[in-house]
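Asks: sequence-free structure coming up:
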């Protein structure tokens, strides 16, 4: 159930809001979803780290499109750090 919810949220963020230029909505949904996923553990969601990295990337993309370059870089670096942990 949780995995389906998270998958639906990611699809809304990446396939709808970011593509349609709804960057503020994308940012809010990404942050809300990140908070939710961070409250779970790896047993709840086996690919939790990948989802968190993906959400940081979505947050970074939204900031980039809104001209918040420092915040974009911070979030993309978090994504990169998680990718390097593998």
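Replies: Received, thanks. Just so it is clear, the structure is predicted and the values come from calculations on it, not from any experiment.

Asks: the host helix or strand of residue 64 packs against which elements?
Replies: Here residue 64, judged by DSSP states H and E, is contained in helix 48-65. Contact partners of helix 48-65 among helices and strands, from 3 or more CB pairs under 8 Å, 6 or more residues apart in numbering; DSSP states H and E: helix 2-11, helix 23-38, helix 69-84. The way it works is simple: take the backbone N, C-alpha and C, and place the C-beta from them, glycine included.

Asks: go with 7 Å
Replies: Here helix 48-65 touches helix 23-38, helix 69-84, going by 3 or more CB pairs under 7 Å, 6 or more residues apart in numbering; DSSP states H and E.

Asks: quick check: closest non-adjacent residue to residue 57.
Replies: residue 79 (4.5 Å; CB to CB, 6 or more residues apart in numbering).

Asks: count of residues packed around the one you found?
Replies: 19 (other CB atoms under 10 Å).

Asks: what about it, distance to residue 8?
Replies: 21 Å (CB to CB, to the nearest Å).

Asks: with that, I have no additional questions.
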